[in-house]
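J.: What would the 3D arrangement of this be:
(one chain, ligands or ions: 1)
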Amino acid sequence: MSWPIIVDSVAALRAQIRTWRQEGQRIAMVPTMGALHDGHISLVRIALEQAERCVVSIFVNPAQFAPTEDLDKYPRQLALDLDRLQEAGAHLAFTPGVPEMYPAGFATKISVGGPAAGLETDFRPAFFDGVATVVAKLFLQAAPDCAVFGEKDYQQLCVVRQLCRDLDLPVEIIGAPTVRDSRGLAMSSRNAYLSEAELEVARKLNAVLRQTSTELASGADETGAMEDAAEALVRAGFRKVDYVAAREAMTLRPWRRDRDGRLLAAAWLGTTRLIDNVEILPAPE
Ligand code: PAF
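T.: Presented below is the predicted three-dimensional model:
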């Protein structure tokens, strides 16, 4: 049999999963929207360490895009993606079309509270409902033992953990470190939209966050540090900063200095919106 197995129907996915289950194999899932880059491949590698079988879904989920967002121009490159998955050793690619995932008459939506409140939701109100709905569907379709999500989308990772806890979905969620280029730029499918000049500016996002995180850990005033970070991003060439915010790492509630923290940001470069985050490091001795 050639690898990866490619299926585009839920029935075929379930048939293959059933076979693997009967053979006693553990299954890990990596949900993606395709346009795979090194960050996704690192998720596949982690999945392969966790389970005998790795299932990767490729589905550009219309439910998580607002009408004004980039659904139509979101990069799609299925043939290349399948080559990369084969090279990485994934076992199955699930590539459903929209009618398979959202057949005519589809009318259900999952809405997550808690870590979904604020940050991305302030700017993309329907985003996490769309993510939660499709992730719940994927987990019910593939019934994986575990699933790997990148920390690059840190709020999404927290939302998916909350979703599984609240709905008793028996899937262990594994967070994977962000993969960056040699100058700190987080891998993202949307980097494909950026010109060389914009890529140079984009690299400053992580640098500003790291600097701000160090300042916070050393006792800097939080409000002032957030304002300084936003100003530094605009000076670096970002058109607009949606947010720079310090939150508790686990719950995404406002950060308290005695708790592990995460510093998250979203900013616009031309018409492209980038997000990134870093941990708030403990104060240096
Ligand atoms: O992170 C993504 O690529 C998407 O939000 C996900 C989790 C695959 C759901 O569509």
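J.: ok, whichever residue of the stretch 151-285 of the chain sits closest to the ligand to residue 127 distance?
T.: Ranked by C-beta to the nearest ligand atom, the top residue of the stretch 151-285 of the chain for proximity to the ligand is residue 153, at 5.1 Å. No exception for glycine: its C-beta is placed from N, CA and C like everyone else's. Going from residue 153 to residue 127 by C-beta to C-beta, to the nearest Å gives 10 Å.
J.: Backbone torsions only: list them for the nearest residue to the residue of the stretch 151-285 of the chain closest to the ligand once chain neighbours are set aside.
T.: If the residues on either side of it in the chain are set aside, residue 153 comes closest to residue 275, at 7.1 Å by C-beta to C-beta, 6 or more residues apart in numbering. Backbone torsions for residue 275, taken as degrees, to the nearest 10, come to phi -130, psi 160.
J.: again with residue 248
T.: phi -70, psi 140.
J.: so what's it bridging to?
T.: With beta bridges defined as DSSP bridges, residue 248 has these partners: residue 261.
J.: which residues sit in contact with it?
T.: Shown in contact with residue 248 (C-beta atoms under 8 Å, 6 or more residues apart in numbering): 254-256, 259-262.
J.: chain center to the longest helix seen in the chain, what's the gap?
T.: Ranked by residue count under DSSP state H, the longest helix found in the chain is helix 196-217. Distance of helix 196-217 from the chain centroid (C-alpha atoms, centre = their mean, to the nearest Å) equals 19 Å.
J.: Does the residue sitting nearest the centre point of the chain belong to a helix, a strand or coil?
T.: Among the residues of the chain, residue 153 comes closest to the average C-alpha position under C-alpha atoms, centre = their mean, at 3.7 Å. Judged by DSSP: H, G, I helix; E, B strand; the rest coil, the three-state class of residue 153 is helix.
J.: you'd agree it is up against residue 274?
T.: No - taking contact to mean C-beta atoms under 8 Å, the distance of 11.7 Å between residue 153 and residue 274 leaves them out of contact.
J.: re the thing from before, so what's in contact with residue 153 and residue 127 at the same time?
T.: Common contacts of residue 153 and residue 127, defined by C-beta under 8 Å, 6+ apart, are absent altogether.
J.: Pull up the residues of the stretch 1-150 of the chain that are close to the ligand.
T.: Applying C-beta under 6 Å from any ligand atom, one finds that the stretch 1-150 of the chain approaches the ligand through 31-33, 61, 64, 131, 134-135.
J.: buried residues in stretch 159-171?
T.: 159-164, 169, 171 (16 or more other C-beta atoms under 10 Å).
J.: Apologies, that question was intended for stretch 30-39.
T.: 30-37, 39.
J.: Can you measure across it, start residue to end residue?
T.: Here the two ends of stretch 30-39 are set 11 Å apart, with distance taken as C-alpha to C-alpha, to the nearest Å.
J.: neighbouring contacts of that stretch?
T.: By C-beta under 8 Å, 6+ apart, the surrounding residues in contact with stretch 30-39 are 40, 43-44, 47, 54-61, 74-78, 80-81, 84-85, 90, 134-135, 138, 147-150, 152, 178-179, 186-189, 191-192.
J.: ok, 6 Å please
T.: Counting by C-beta atoms under 6 Å, 6 or more residues apart in numbering, stretch 30-39 makes contact with 40, 43-44, 47, 56-58, 60, 75, 77, 81, 84, 138, 148, 150, 179, 187, 189, all of which sit outside it.
J.: same check, this time on stretch 229-245
T.: Residues lying outside stretch 229-245 but in contact with it, judged by C-beta under 6 Å, 6+ apart, are 123, 201, 204, 208, 212, 226, 264-269.
J.: mind redoing it with 7 Å?
T.: Judged by C-beta atoms under 7 Å, 6 or more residues apart in numbering, the contacts made with stretch 229-245 from elsewhere in the structure are 119, 123, 201, 204-205, 208, 212, 226, 264-270.
J.: first to last residue in stretch 105-115, what's the distance?
T.: From its first residue to its last, stretch 105-115 covers 30 Å (C-alpha to C-alpha).
J.: what does the average pLDDT come to for that stretch?
T.: This predicted structure assigns stretch 105-115 an average pLDDT of 98.
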